[in-house]
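Engineer: kindly generate the corresponding structure for this input.
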Amino acid sequence: MTEQVKWGVLGNAEIARVCVIPAIQKSRNGVVHGFATRSPNNARQTVTDNNIHHVYDTYDDLLADQDIDAVYIPLPNHLHHPWTLKALQAEKHVLCEKPLACDEAEAQEMVDAAAAADLLLMEGMMYRFHPRSQTIKQTVAKGEIGRVSLVRSAFCYKMDEELLASGNNARLKPEMGGGALLDVGCYSVSVARWYMGAEPTELQAQAVYHSSGVDMHVVALLRFPQNGLATLEASFISSMQQTYSVVGSEGAIELPHDAFIPWEKDAVFTVRGKDQEVGQKHVTPGADEYQLMVEHFADAVLGKTELTLPPEESIRNMRVLDGLAEAAKTGKKVRL
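Structural biologist: Purely as a prediction, here's the structure:
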């Protein structure tokens with residue numbers, strides 16, 4: 001293998017067009033070698049804008065290309081599991097969009113298949129690669145805000161009313177792995193577990209459901225060891241929220257409403273002492289977290305580093321998401 005990973009991309013999803021394909025093309029160690037879409041007419045602009053030379057009419061044709069080292073899968077949630085397995089069978093490393101799967105059992109099967117094939121699998125949790133996230137993680141690890149007792153997180157956006165009424169969107173279809181909890185709640189579960197440095201032991205949740213049966217608005221409480229708590233909100237029907245805060249015994253870290261996707265502008269966060277009303281503002285220079293993510297994955301494919309987000313981590317995240325879905329449906333506490 002050369003020092004540049006040759007990527008294949010399955011599908012023309014917005015996240016691929018806007019974020020990941022451009023990130024790969026400007027990365028220091030990768031290039032989009034192939035692109036597969038079932039709607040070639042709709043993908044012409046993507047191909048032209050990103051100077052992609054190999055275009056396939058089927059996903060299977062792309063996977064058959066032996067020049068491709070790794071694939072990125074931004075397909076609807078219910079397709080993550082089957083196409084990851086097919087990619088692994090084709091001896092490709094896989095970067096799969098979040099959530100890794102629709103449930104823990106699927107995630108476990110995917111991780112087991114990657115291990116058996118001696119191939120890499122990683123979930124696309126891009127926020128973890130942003131320098132601001134890394135700085136906050138280091139601040140917490142150094143004990144600068146004391147013992148973490150609470151993580152608050154919200155990722156919400158207002159879906160178009162006509163779209164909600166029609167239900168004509170993968171996010172609103174239960175058979176396609178829809179729902180706010182899987183779509184954006186996966187970030188909040190991840191951030192709570194990451195900064196707590198532990199797994200939750202008890203879950204509670206309430207939800208508002210779409211007529212299709214998927215959750216549209218979820219509010220949840222997670223209990224962690226040593227009296228740690230986390231709250232999360234995920235929604236398709238709320239005004240935009242995209243933030244989290246980490247509260248400790250000696251202070252708190254707070255982020256504005258660009259916590260998971262700050263794009264490439266300077267990213268800020270505030271650290272307050274335990275008795276301060278106004279804290280100190282910190283500025284992290286702008287960065288493309290998607291580029292940092294694909295470069296990290298490519299370095300791992302090239303054998304230059306180990307994955308900092310191993311797939312076993314995604315299994316644990318899916319376990320909590322499964323529990324929260326059960327808690328919301330039953331109205332009962334779920335113990336893990």
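Engineer: what is the mean pLDDT for stretch 35-52?
Structural biologist: Mean pLDDT, stretch 35-52: 88.
Engineer: list the buried residues of that stretch.
Structural biologist: 35, 36, 37, 43, 46, 47, 50, 52 (16 or more other C-beta atoms under 10 Å). In short, each C-beta sits where N, CA and C put it, glycine included.
Engineer: same check, this time on stretch 110-123
Structural biologist: Buried residues in stretch 110-123, defined by neighbour count with 16+ other C-beta under 10 Å: 110, 111, 113, 114, 117, 119, 120, 121, 122, 123.
Engineer: please name the bridge partners of the last one.
Structural biologist: Taking DSSP bridges, one obtains residue 96 as the residues bridged to residue 123.
Engineer: okay, among the buried residues of stretch 35-52, which ones form the most distant pair?
Structural biologist: Pairwise distances across the buried residues of stretch 35-52 (C-beta to C-beta) peak at 13.9 Å, for the pair 36 and 50.
Engineer: what would the buried residues of stretch 35-52 look like in TSV with secondary structure and distance to residue 265?
Structural biologist: What follows is the buried residues of stretch 35-52, written out as TSV (DSSP: H, G, I helix; E, B strand; the rest coil; distance: C-beta to C-beta, whole Å):
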residue	secondary structure	distance to residue 265
35	strand	28
36	strand	33
37	coil	31
43	helix	29
46	helix	24
47	helix	28
50	coil	23
52	coil	27
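Engineer: state the pair within the buried residues of stretch 110-123 that is farthest apart.
Structural biologist: 117 and 123 (17.2 Å).
Engineer: contacts for the lowest-mean-pLDDT helix or strand in the chain, please.
Structural biologist: The weakest-scoring helix or strand in the chain, judged by mean pLDDT, DSSP states H and E, is helix 40-49 (a mean of 85). Helix 40-49 has contacts (C-beta atoms under 8 Å, 6 or more residues apart in numbering) with 12, 16, 17, 21, 35, 37, 52, 55, 57.
Engineer: any low-confidence regions in the stretch 101-250 of the chain?
Structural biologist: Of all residues in the stretch 101-250 of the chain, none has pLDDT under 70.
Engineer: all the helices of it, residue numbers only.
Structural biologist: 104-117, 131-141, 161-166, 180, 186-196 (DSSP state H, counting those that start in this stretch).
Engineer: which residues does the residue most central in space within the chain contact?
Structural biologist: Taking C-alpha atoms, centre = their mean, the centroid of the chain lies closest to residue 125, which sits 3.3 Å from it. Residue 125 is in contact with 98, 187, 190, 293, 309, counting by C-beta under 8 Å, 6+ apart.
Engineer: distance of it relative to residue 328?
Structural biologist: 22 Å (C-beta to C-beta, to the nearest Å).
Engineer: one step back: reformat the buried residues of stretch 110-123 as a markdown table; add distance to residue 276.
Structural biologist: Formatted as a markdown table, those follow (distance: C-beta to C-beta, whole Å):
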| residue | distance to residue 276 |
| --- | --- |
| 110 | 45 |
| 111 | 43 |
| 113 | 50 |
| 114 | 46 |
| 117 | 52 |
| 119 | 48 |
| 120 | 43 |
| 121 | 43 |
| 122 | 38 |
| 123 | 36 |
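Engineer: of the residues you listed, closest to residue 92?
Structural biologist: Proximity of the buried residues of stretch 110-123 to residue 92, judged by C-beta to C-beta, is greatest for residue 119, which lies at 7.1 Å.
Engineer: touching, the closest one and residue 91? I think so.
Structural biologist: Yes. Counting by C-beta atoms under 8 Å, residue 91 is a contact partner of residue 119 at 6.9 Å.
Engineer: which neighbours do those two have in common?
Structural biologist: With C-beta under 8 Å, 6+ apart as the test, residue 119 and residue 91 reach no residue in common.
Engineer: run a quick neighbour tally on the closest residue to residue 186 other than its chain neighbours.
Structural biologist: The spatially closest residue to residue 186, leaving aside those adjacent along the chain, is residue 99, at 4.5 Å (C-beta to C-beta, 6 or more residues apart in numbering). Residues near residue 99, counting by other C-beta atoms under 10 Å, number 28.
Engineer: who's in contact with residue 99?
Structural biologist: Counted by C-beta under 8 Å, 6+ apart, residue 99 has contacts 77, 80, 123, 177, 182, 183, 186, 314, 317, 318, 321.
Engineer: just these: which are in strands?
Structural biologist: Residues of the contacts of residue 99 located in strands (DSSP state E): residue 123.
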